[in-house]
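Visitor: Predicted model, plus sequence, below.
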Amino acid sequence: ALTFSVCGCASTEESSVDETDVVEVNMGLNEAGNKVEQMTEEKDLINVTIYYADMMFTKLLQEDIEIPELDAEYIIDALAGHNIVSTDTRVLDAVVEEGDKSTLKLNLSKQFKEYLKLMNEDSEKYLMAALTNTFLEAYGVDQMYLKVEGKALNSKYNKYVDALVWCESID
């Protein structure tokens, strides 16, 4: 059984977009060719905490980000920015199921498995901790099952067939 550590370090980015609705007025032409004002509203952004390993893979850090909607692809893209997944990793499916324990079933593209093959055992532990903690917190679920191309993930060091839960410490 793997256990992981979460560092209490946090950094936040300043956003140039206020969290409240922004109303924008655009000038356009109607069907008759007359100028008309078109009102468009921007949706509230959602705050998500992503977890990632430091450069030496010795501790987990966290960063609060804002995304337009709770979509696994936005989260994967943010994790790719911190080298937790490869930049070509895609989300094939992300489904939340309610039951005794709320569960996220996350299905990633084969590029994630290929990326994980490049890691040593310690690096893999940190990557999996960051991925797990990020998705559990973002979706507010108790556990997560990770698949790659619809199959359980098998790496050089581990088989990920059981539910992944919050990672407190890395041993």
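Guide: Perfect, thanks for sending it.
Visitor: per-residue confidence averaged over the helix or strand hosting L146?
Guide: Counting by DSSP states H and E, the secondary-structure element that holds L146 is strand 143-148. In this model, strand 143-148 carries a mean pLDDT of 98.
Visitor: ditto for stretch 55-75
Guide: The average pLDDT within stretch 55-75 is 95.
Visitor: Buried residues of that stretch, list them for me.
Guide: Neighbour counts using 16 or more other C-beta atoms under 10 Å place 57, 60-63, 65-67, 72, 74-75 of stretch 55-75 among the buried residues. Yep, even glycine has a C-beta here, placed from its N, CA and C like the rest.
Visitor: If K147 is in a bridge, with which residues?
Guide: Partner residues in beta bridges with K147, using DSSP bridges, are N107, A152.
Visitor: Hmm, it is touching S109, no?
Guide: No. At 10.6 Å, K147 and S109 do not qualify as touching, with contact defined as C-beta atoms under 8 Å.
Visitor: Identify the residue nearest the geometric centre of the chain.
Guide: Using C-alpha atoms, centre = their mean, the residue of the chain that lies closest to the mean C-alpha position is I75, 2.8 Å off.
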